[in-house]
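Trainee: here's a sequence, model it:
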Amino acid sequence: MKKLSDILYRVSTTALAGNTNIDITDVQIDSRKVQKGTLFVAVKGVAADGHQFISKAIEQGAVAVVCEEMPSSKSDGVTYVQTGNSAEAAGLIAHNFYDQPTTKL
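Mentor: Here you go, the predicted structure:
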C-alpha cells in the first residue's frame, strides 16, 4: 500500500481534484480488474478508450483516477488527476508503486 502522492512522483499533472494523501492498494489500466482501493489509469488505446470505463472503475472501488480528460461529473471521495499522456503516466506510476524495479536490474 502506498500514498497516492508518492505514486505520482515525477508524473506531469495538469489538474487535480481531491486528496492525494490517500492509500492506494493497486494500480490498474483494466477497469474489470479494479477492486477497493485501486488507482485506475484511463489510457486511450487502439481498440478502447479507458475514459469510457471511469464510472465502472469507481463503482468497483477505485479511489483515484488518472485521466487525460476530466469527467464532467465527479464522484465524491474519489481523487482525479489529469495528465497530458495517461499511457506515459501509467509507466511512471507503476515504477513508483512497485518500488522502482528497473533500478534493481
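Trainee: residues in contact with stretch 22-41?
Mentor: With Cβ atoms under 8 Å, 6 or more residues apart in numbering as the test, stretch 22-41 has contacts from 1-4, 7, 42-43, 50, 53-54, 56-58, 60-67, 79, 86, 89-90, 93-94, 97. C-beta here means a position set from N, CA and C on the backbone, and glycine is covered the same way.
Trainee: poorly predicted segments of the protein, please.
Mentor: Regions of the chain meeting the criterion pLDDT under 70 cover residues 104-105.
Trainee: how about the helices of it, start to end?
Mentor: Secondary structure of the chain (DSSP state H): helices located at 4-7, 54-59, 86-97.
Trainee: can I get those in TSV with mean neighbour count and distance to Asn19?
Mentor: TSV is the format used below for these (neighbours: other Cβ atoms under 10 Å; distance: least, Cβ to Cβ, whole Å):
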stretch	mean neighbour count	distance to Asn19
helix 4-7	17	8
helix 54-59	18	15
helix 86-97	18	17
